[in-house]
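In: 3D, please:
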Amino acid sequence: MDLPDAKPPLSISSVADRAWNVVAETVLRKSWTPIARLAETAVVALMDKIQVGQLRVLTYSHIYTFPNPEPGNVSSAANKRPDLKAELRVINDSFWVRLCAMGDLGFAEAYMYGDVECDDLVSLFEMFLENREKLANLDSRLSYLFTLPQKITSYRFLNTIGNSRSNISAHYDISNEMFAGFLSEDMTYSCAIFPELDGDLKCEKSLQSRWNGGQSLKRISSTPLLPPSPPNSDPDDSASEDVPSLPEFDPLYDAQLRKLQHIIDKLHIPASTPGCGPLRILEIGTGWGALAIRLAEQFSHVQIDTITLSSAQKVLAEQRIAARGLSERIQVHLMDYRSMPKEWEGRFSRFVSVEMIEAVGREFIEEYWRVVDWAMEKKGAVGVVQVISIPEARFERYIQEIDFIRKWVFPGGFLPTLTFLMTTLADGSKGKLVVESVANIGPHYARTLREWRQRFVQRFDDVIVPALQKEYAARSAVGKDGRSKVLSREEIEVFRRKWLYYYCYCEVGFTTRTLGDHIVTFMREGSQEYGSDVYE
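Out: I've put the predicted structure just below:
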């Protein structure tokens, strides 16, 4: 589901891309029986190579089990994790065609559009990773050819100054109220730091299944190939039992404050600056103002300039800042980092950016560091960034593919490797910024995503759907009957599935360290007053 204003600007490449998507979707939806059977045969032959875990795939005519549980089957006998189980129910034959033609992205879109259902996405993704080498051919030559037009037109998401705002808007301007539905009260939308990584996994298994993107498989009938998904409150849905309300103590809120404090501590802000005026801090990526507010509340002598490309975030951040009486010391600017005023050159003693570099784009990260170096004071300045990263071994494939996240969640997004980040920092600053420390908090992201998913599921009907409808009505023209437009149930269901897939997909990535989240501290050469906090 796309809100009207959350789309890339109209251009030849965007028109071509949309046209290709229409053609591709039409072809995939047709799923002519002979083609579907060929695709099913090819996918089943590949899944026969699964050796770790147990996957059941149910169709209207077959039940497949991988690995084959029959006595004497070598793969089944050597199974290292027989307790790792997932079940797929194929609703539409286009599932097989999508998977065969588009690989991982095809599976994601099949799930989004209701062509397949899964009882536990997290377990399924773990299983796919455990069998990664055996399933490598899933992204075949056919999938390469099928996604080639999208790769050719993907430069429409290139993070030029003109495109960056639309790319950010596509995700962050969906609705402030929608994000408030699953974030903690501080409205921090980044990895938290918990006292224990798996403290949330002690709840009932039935609830975990629901939070893992699972649906009750009872509701699937054999009549329509693509029935509209029923509402979450379907009384016949075994997953619709009452979900307990969140406790008064919110572990996510506590963990987010712990992370914010960790970053603040890394900045080493002096207790005062006598005779020097306010200590100026630059933040790139405001979010909803959580870090800026906490900095200003802790240090009365700081002046913060924070920039964002999200108009919706700017409005709410300013409201939150004003409610704390901090408007005179925190200024929120709707501005690209490459458009900062000339008078900001060399003016900032501290720099901070939390999970914003991912939106910069591969081609512009070195320029980003050049701007950071330009804005920081020439002596004694300190900076901290938090950035999601990808392992070195996956980088070459990553930069060549169009994956679910970059197509459907963060257009224009790019995850650097740690090496790429360090190299561009050195090159962009011409060696004038020195790295002090690097720490990976990625495993904490798995729990952060579970906490978000729990709230998303719990508040979907009462908070998130009304927020989406409100935002959609505000952005849409009134119909001929004088009524505001509303999102259909099918559109809302696609939105729900997309976000569940996003949460689960990323959770497994961080659990298995297929993704990282690094906090990097850097400073000017000769910053003797900083000391050393490597072991903190």
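In: just to be sure, residue 65 is in a strand?
Out: Yes: judged by DSSP: H, G, I helix; E, B strand; the rest coil, residue 65 forms part of a strand.
In: show residues contacting the strand or helix carrying residue 41.
Out: When secondary structure is defined using DSSP states H and E, the element that contains residue 41 is helix 33-47. Helix 33-47 is contacted from outside by 55, 57, 59, 64, 66, 93-94, 96-97, 99-101, 135, 137-138, using C-beta atoms under 8 Å, 6 or more residues apart in numbering. Backbone N, C-alpha and C define where each C-beta goes, glycine included.
In: from those, list the buried ones, please.
Out: 55, 57, 64, 66, 93-94, 96-97, 99-101, 135, 138 (16 or more other C-beta atoms under 10 Å).
In: which one of those is nearest to residue 407?
Out: Residue 407 lies nearest to residue 101 out of those, by C-beta to C-beta, at 14.8 Å.
In: I'd like to know which elements the helix or strand harbouring residue 125 is packed against.
Out: Here residue 125 is covered by helix 121-130, with elements defined by DSSP H and E. In this structure, helix 121-130 packs against strand 85-90, helix 489-511, with contacts taken as 3 or more C-beta pairs under 8 Å, 6 or more residues apart in numbering; DSSP states H and E.
In: one step back: and the least confident of the buried ones among the contacts of helix 33-47?
Out: pLDDT across the buried ones among the contacts of helix 33-47 is lowest for residue 138, at 60.
In: name the helix or strand of the protein that has the lowest mean pLDDT.
Out: Scoring the helices and strands of the chain by mean pLDDT, DSSP states H and E places helix 141-153 at the bottom, with a mean of 44.
In: where in this protein is pLDDT low?
Out: 1-32, 71-77, 137-173, 203-247, 477-484, 531-536 (pLDDT under 70).
In: picking up where we left off before, buried stuff in the helix holding residue 41?
Out: Of the residues in helix 33-47, those buried (16+ other C-beta under 10 Å) are 35, 36, 39, 40, 42, 43, 46, 47.
In: which one among those gets closest to residue 362?
Out: Closest to residue 362, out of all of these and judged by C-beta to C-beta, is residue 46, at 31.0 Å.
In: how much space between that closest one and residue 336?
Out: 44 Å (C-beta to C-beta, to the nearest Å).
In: how about residue 133?
Out: 42 Å.
In: looking at these two, which is more packed in?
Out: residue 336 (19 against 8; other C-beta atoms under 10 Å).
In: what's the spacing between the more buried one and residue 356?
Out: Residue 336 is 12 Å from residue 356, by C-beta to C-beta.
In: again with residue 272
Out: For residue 272 relative to residue 356 (C-beta to C-beta), the value is 29 Å.
In: between the two, which is the more surrounded one?
Out: The neighbour count for residue 272 versus residue 356, taken as other C-beta under 10 Å, is higher for residue 356 (23 against 11).
In: thought that one was touching residue 291?
Out: No: between residue 356 and residue 291 there is no contact under C-beta atoms under 8 Å: 11.2 Å.
In: what segments of the stretch 401-536 of the chain are helices?
Out: Counting by DSSP state H, counting those that start in this stretch, residue ranges of the helices within the stretch 401-536 of the chain are 404, 418-428, 442-459, 465-475, 489-511.
In: CSV please, covering those and showing mean neighbour count and distance to residue 343.
Out: Shown next, in CSV, are those (neighbours: other C-beta atoms under 10 Å; distance: least, C-beta to C-beta, whole Å):
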stretch, mean neighbour count, distance to residue 343
helix 404, 20, 42
helix 418-428, 18, 21
helix 442-459, 22, 37
helix 465-475, 17, 36
helix 489-511, 21, 39
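In: ok, back up a step: buried ones in the helix holding residue 125?
Out: 121, 122, 123, 124, 125, 126, 127, 128, 129, 130.
In: mind listing what the fifth one touches?
Out: This means residue 125. Per C-beta under 8 Å, 6+ apart, neighbours of residue 125: 504, 505, 508.
In: please verify my assumption that the last one contacts residue 132.
Out: Spelled out, that is residue 508. No: using C-beta under 8 Å, residue 508 is not in contact with residue 132; the gap is 11.8 Å.
In: burial count for residue 83?
Out: Residue 83 has 8 nearby residues by other C-beta under 10 Å.
In: how close does it get to residue 336?
Out: 49 Å.
In: now stretch 510-519: buried residues?
Out: 510, 511, 512, 514, 515, 516, 517, 518, 519.
In: now stretch 391-406
Out: For stretch 391-406, burial by neighbour count (16+ other C-beta under 10 Å) applies to 395, 401, 402, 403, 404, 405, 406.
In: the nearest residue in space to residue 326 that is not next to it in sequence and residue 271, how far apart?
Out: Nearest residue to residue 326 in three dimensions, chain neighbours excluded: residue 296, at 4.7 Å (C-beta to C-beta, 6 or more residues apart in numbering). Between residue 296 and residue 271 the computed distance is 15 Å (C-beta to C-beta).
In: these two: which is more packed in?
Out: More crowded of residue 296 and residue 271, by other C-beta under 10 Å: residue 296, with 23 against 6.
In: wait, isn't that one in contact with residue 304?
Out: Yes: the pair residue 296 / residue 304 is scored as a contact, 6.0 Å apart, by C-beta under 8 Å.
In: now for those two: what residues contact both?
Out: With contacts defined as C-beta under 8 Å, 6+ apart, the residues shared by residue 296 and residue 304 are 329, 330.
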